[in-house]
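*Asks:* I'd like to go over a predicted model; first the sequence, then the structure.
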Amino acid sequence: MKSLLEIKRHVDGHGFGSAIVDDHVAIGVVWTTNTLGGEVRKREIIERVHSFEEACTVMGCRCGASPADASYNQR
């Protein structure tokens, strides 16, 4: 299991903001969408993760893919 500091470094390496808080890493996530009227809408949330795999799921990276998903990285 990776330490919280290792998870934070990985998250930061992907360009997400993060912080270690007690027993988890908090990741700042922003979704940007366009409304039908052409306006930009942003949704900002904080995701709490306790493992490397959870962090990768939140960010959408495949770095923490399980061995069963390893073939995905080869596509």
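*Replies:* Cool, got the structure.

*Asks:* So Cys63: helix, strand or coil?
*Replies:* Under DSSP: H, G, I helix; E, B strand; the rest coil, Cys63 falls in the coil class.

*Asks:* give me phi/psi at it?
*Replies:* The phi/psi pair for Cys63 (degrees, to the nearest 10) reads phi -60, psi -30.

*Asks:* What of Thr57?
*Replies:* The phi and psi values for Thr57, taken as degrees, to the nearest 10, are phi -60, psi -40.

*Asks:* change the start of the numbering to 555 and stick with it
*Replies:* Yes, from this point I'll number from 555; that puts the last item at Thr611.

*Asks:* count of neighbours near it?
*Replies:* 15 (other CB atoms under 10 Å). C-beta coordinates here come from the backbone N, C-alpha and C atoms, glycine included.

*Asks:* Could you check how far the closest residue to Val565 other than its chain neighbours is from Thr587?
*Replies:* If the residues on either side of it in the chain are set aside, Val565 comes closest to Ser572, at 4.2 Å by CB to CB, 6 or more residues apart in numbering. Going from Ser572 to Thr587 by CB to CB, to the nearest Å gives 23 Å.

*Asks:* When these two are compared, which one has more neighbours?
*Replies:* Remark: of Ser572 and Thr587, Ser572 carries more neighbours, 23 against 9, as counted by other CB under 10 Å.

*Asks:* what sits opposite that one in the beta ladder?
*Replies:* Assessed by DSSP bridges, Ser572 has beta-bridge partners Ile581.

*Asks:* For it, list the residues it contacts.
*Replies:* Taking CB atoms under 8 Å, 6 or more residues apart in numbering, we find Ser572 in contact with Lys562, Val565, Asp566, Val579, Ala580, Ile581, Gly582.

*Asks:* I'd like those residues as a markdown table, with distance to Ala609 and neighbour count appended.
*Replies:* Below are the contacts of Ser572 laid out as a markdown table (distance: CB to CB, whole Å; neighbours: other CB atoms under 10 Å):
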| residue | distance to Ala609 | neighbour count |
| --- | --- | --- |
| Lys562 | 9 | 20 |
| Val565 | 5 | 25 |
| Asp566 | 11 | 14 |
| Val579 | 6 | 26 |
| Ala580 | 11 | 16 |
| Ile581 | 7 | 23 |
| Gly582 | 12 | 13 |
